[in-house]
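S.K.: Show me the folded form of this:
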Amino acid sequence: MTIVVTGAQGFLGACIVNILTQENVDVIGITRQHCDLLSAKETSVFFSSITPHLIIHCAAFVPSSLHEYHDSSLSKNNTLLLRNVMDASTCPIMYISSMTVYGSSLKVIRRECEPSNPESEYGRSKLLGETTLQEHQRDSLAIRIPGLFGGSRKNGLIYNNISQLNQGITPSLPTEPLLWAAMNVEDAANSIVKIAKKHSFSGFEVINIGYQDCYSLNALVNIYRELFNYPIQYTIEHPVFQFDLTKLKKIGAMPNIGLFSAIKKYKGQIC
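M.R.: Residues are numbered from 1 along each chain as shown. So this is what the prediction gives:
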């Protein structure tokens, strides 16, 4: 089995490539140095020389700030990346989507079959990718993931908060209600690899990936309080979010820990 991973130098893509390599899977990682996926011609030439059994499409322009979540140019580029990969290949595609496709809702548990209502350009671009795969009747799987932390990344809410708490500094937290969920990148990559090896691709399907947790920034603050024994004063009430992970459990790709254990482990890795 040969698997192509786009965005192979990215945060998630690099982790997936590493796991596949350790498991002796024939993996081809595509980086910007190998091929500009924004170029239909370069993408076509690259894929004409290989015959993958599966593509894990991680390549994307990921927002690095709240402002960039509403940047339409990033969203257009994400759509173009996927279209070029689709046009240049014929094998099944695992498309890395996002929890942002759900948008806000009065519902806490979010199931894959529910209508999506993304509130950002980034979320809309991810949903457009899903609908594009479905409309083209491509054998494909959209993986909806939460925000990621861990690995070598030296930024992000959890990294910054733990760094502050390690110094005895009150962590900087959002000042307005925010829908939030997170997962360690290694746990996400492990679940994705398990799905890639076990799933039978036929038609289009969506699968949630996450911990069996009820997420909110208030729950995150409670984790900080317990791990650091630090009296954080925080009164803003944030919405609660939980993935329905029925499909993930059925495949046998659930992570074996939860958010508390993941953050506790990560805390020990940050000096």
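S.K.: Could you list the low-pLDDT ranges of the stretch 101-250 of the chain?
M.R.: Counting by pLDDT under 70, the stretch 101-250 of the chain contains no low-confidence residues.
S.K.: What ranges does it have for its strands?
M.R.: Ranges of strands within the stretch 101-250 of the chain are 109-110, 140-145, 147-149, 182-184, 204-208, 242-243, based on DSSP state E, counting those that start in this stretch.
S.K.: for the ones you listed, which one sits closest to residue 196?
M.R.: strand 140-145 (8.8 Å; C-beta to C-beta). C-beta here means a position set from N, CA and C on the backbone, and glycine is covered the same way.
S.K.: ok and that closest one relative to strand 204-208, angle-wise?
M.R.: Put simply, strand 140-145 runs at 20 degrees to strand 204-208, going by axes from the mean of the first three to the mean of the last three C-alpha atoms, to 10 degrees.
S.K.: hang on, the earlier thing: of all the strands of the stretch 101-250 of the chain, which lies closest to residue 71?
M.R.: That would be strand 147-149 among the strands of the stretch 101-250 of the chain, by C-beta to C-beta, at 17.1 Å.
S.K.: chain center to the closest one, what's the gap?
M.R.: Centroid separation for strand 147-149 versus its chain: 7 Å, with C-alpha atoms, centre = their mean, to the nearest Å.
S.K.: quick thing: my sequence starts at 14, can you match it?
M.R.: Okay, residue one is now 14; in that scheme the one you just asked about reads as strand 160-162.
S.K.: by contact count, what packs against it?
M.R.: helix 170-179, strand 195-197, helix 198-211 (3 or more C-beta pairs under 8 Å, 6 or more residues apart in numbering; DSSP states H and E).
S.K.: ok, now how distant is the residue nearest to residue 126 when sequence neighbours are not counted from residue 191?
M.R.: Nearest residue to residue 126 in three dimensions, chain neighbours excluded: residue 219, at 7.9 Å (C-beta to C-beta, 6 or more residues apart in numbering). Per C-beta to C-beta, to the nearest Å, residue 219 is found 24 Å from residue 191.
S.K.: swap in residue 115?
M.R.: From residue 115 over to residue 191 (counting by C-beta to C-beta), the distance is 14 Å.
S.K.: which of these two has more neighbours?
M.R.: Counted by other C-beta atoms under 10 Å, residue 115 and residue 191 do not tie: residue 115 has more neighbours, with 25 against 15.
S.K.: give the contact list for the more buried one.
M.R.: 123, 127, 129, 130, 131, 136, 157, 254 (C-beta atoms under 8 Å, 6 or more residues apart in numbering).
S.K.: What subset of those residues is buried?
M.R.: 123, 129, 131, 136, 157, 254 (16 or more other C-beta atoms under 10 Å).
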